[in-house]
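Asks: got a structure for you, letters missing:
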DNA sequence: CGAAATTAGGACCGTATGGTCCTAATCGCA
DNA sequence: TGCGATTAGGACCATACGGTCCTAATTTCG
């Protein structure tokens, strides 16, 4: 992957997460990536749409590395991992100072109804995310109550986090996300088997 | 309020909730409301922005009448009301066949970072919504545990619902929302005082 | 009736959009 | 040395955007 390409993708990612896909023009991206002109851009991408798809992919990869990876840490108790993952989402959001939503939630709200190509790709992103959580819940099965529905619980976690990021952005107040994250942990703890010991009690309580 | 005006507002509300504010052009609204031309439109609204504000207001009023009103029903137990309200959100979403998100969540994701005027108005909407839930929780105080934080819980409920609507739209599957709504009720039930009887057990369990 | 509000319809403007095409300079590398 | 990939930069295009202005017909209502 050429350096210029990633430069363009990075600039586009920033712009899209700030203004949305539709409101980000190709000329904006060119300016942001300091390209010489349109032909320079179209040398690397065949259309703005394709750029958008690649940006989404990279955002997910980045999230997979910096967020979802925690869900697979082999040396940590699964439920503790889940709690650390929630912390990581809060931390990632803090980086942008509470501004800027989840890149997935943003694109979802903007394009889910209007653009089938994006909708399908965003759906795939959420599915991969949910699947990671499901695996973790499966692993934590001995500590969980028998009737825990991993599919439903994983969806609930994602929805709560996405909704929390959205509200945090609207209120411009990070403590909104922190509060919801804490409540979400309590909700998860609700599914723990009575006899099972809670991991470290640092994060889930 | 003249009939034409509401006609324009209704057409705009539909278009905006389908394609977002930015992607809805004044010409689209004119077509949708069957106006004769631009001057006809600008006879009623001084700008597209102002139209957007009024649409948002109307969406909230509609939501207040068809949704939030349930939270204030005087003859029903407060927690039961909360449960019925969640059902109402699901029902409202069903009307659009799972498509179309919350008009607030949509605008929030699209404009919260980009347009301060909208951000402030959307924040006010969420605040009024949260305040209704807080009142209800205050009313339900005797049935709730002492340490229930009404501010936090109300935010959690809204975030979960907004996130749920978003995911439902992406997956084009209403059962996602139904599942999250059910889990949300269980989370609320978690805050009920041990001794207190659950209302009808029909909705909260 | 007559004035005011509403409807109708079109011309126009400056700006921005995604995208194409073309020429020429520079670069890495075999 | 020479070839292909990259960089540079500009002209151009059809379309769309929000918004203004103007004229004239029609309706509403005191």
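Replies: Sure, I can see it. None of these values were measured; they are calculated from a predicted model.
Asks: can you list the domains in chain A?
Replies: A:1-47, A:67-205 (automatic domain parsing).
Asks: and residue A:192, what are its phi and psi?
Replies: phi -80, psi 140 (degrees, to the nearest 10).
Asks: Ok, which of the domains of chain A comes nearest DNA strand C?
Replies: Proximity to DNA strand C (Cβ to the nearest atom of the strand) singles out domain A:1-47 among the domains of chain A, at 3.1 Å. Just so you know, the C-beta spots here come from the backbone N, C-alpha and C atoms, and that holds for glycine as well.
Asks: any idea how far chain B is from residue A:149?
Replies: Here the distance between residue A:149 and chain B works out to 8 Å (Cβ to the nearest Cβ, to the nearest Å).
Asks: again but with residue A:92, I slipped
Replies: Per Cβ to the nearest Cβ, residue A:92 is found 16 Å from chain B.
Asks: Is that residue in contact with residue A:66, as I believe?
Replies: Yes - counting by Cβ atoms under 8 Å, residue A:66 is a contact partner of residue A:92 at 6.6 Å.
Asks: so does the top helix by length along chain A get close to DNA strand C?
Replies: Across chain A, the helix with the greatest residue count (assigned by DSSP state H) is helix A:116-139. No - using Cβ under 7 Å from any atom of the strand, we find that helix A:116-139 stays clear of DNA strand C, coming within 12.0 Å at best.
Asks: Most tightly packed of the domains of chain A?
Replies: Comparing the domains of chain A by mean neighbour count (mean count of other Cβ atoms under 10 Å in any protein chain shown), domain A:67-205 comes out on top with a mean of 19.
Asks: the strands in chain A, which residues?
Replies: With DSSP state E, there are no strands along chain A.
Asks: what does it have sitting close to DNA strand C?
Replies: Within reach of DNA strand C by Cβ under 7 Å from any atom of the strand, chain A has these residues: A:24-28, A:37-39, A:42, A:46-49.
Asks: any chance of these in CSV, plus pLDDT and distance to DNA strand D?
Replies: Converted to CSV, the residues of chain A next to DNA strand C look like this (pLDDT from 0 to 100; distance: Cβ to the nearest atom of the strand, whole Å):
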residue, pLDDT, distance to DNA strand D
A:24, 97, 15
A:25, 98, 12
A:26, 98, 11
A:27, 98, 10
A:28, 98, 15
A:37, 93, 3
A:38, 96, 5
A:39, 95, 3
A:42, 97, 8
A:46, 95, 13
A:47, 97, 15
A:48, 98, 13
A:49, 98, 16
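Asks: Make JSON lines from these and add distance to residue B:11 to it.
Replies: Below are the residues of chain A next to DNA strand C laid out as JSON lines (distance: Cβ to Cβ, whole Å):
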{"residue": "A:24", "distance to residue B:11": "27"}
{"residue": "A:25", "distance to residue B:11": "27"}
{"residue": "A:26", "distance to residue B:11": "31"}
{"residue": "A:27", "distance to residue B:11": "32"}
{"residue": "A:28", "distance to residue B:11": "30"}
{"residue": "A:37", "distance to residue B:11": "40"}
{"residue": "A:38", "distance to residue B:11": "36"}
{"residue": "A:39", "distance to residue B:11": "41"}
{"residue": "A:42", "distance to residue B:11": "37"}
{"residue": "A:46", "distance to residue B:11": "36"}
{"residue": "A:47", "distance to residue B:11": "31"}
{"residue": "A:48", "distance to residue B:11": "28"}
{"residue": "A:49", "distance to residue B:11": "28"}
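Asks: Which ones among those lie within helices?
Replies: Reading helices off these with DSSP H, I get A:26, A:27, A:28, A:38, A:39, A:42, A:48, A:49.
Asks: Say whether DNA strand D is contacted by stretch A:100-118.
Replies: No - if you take Cβ under 7 Å from any atom of the strand as the test, stretch A:100-118 misses DNA strand D, and the best it gets is 12.4 Å.
Asks: First-to-last residue distance for that stretch?
Replies: Using Cα to Cα, to the nearest Å, the end-to-end distance of stretch A:100-118 comes to 19 Å.
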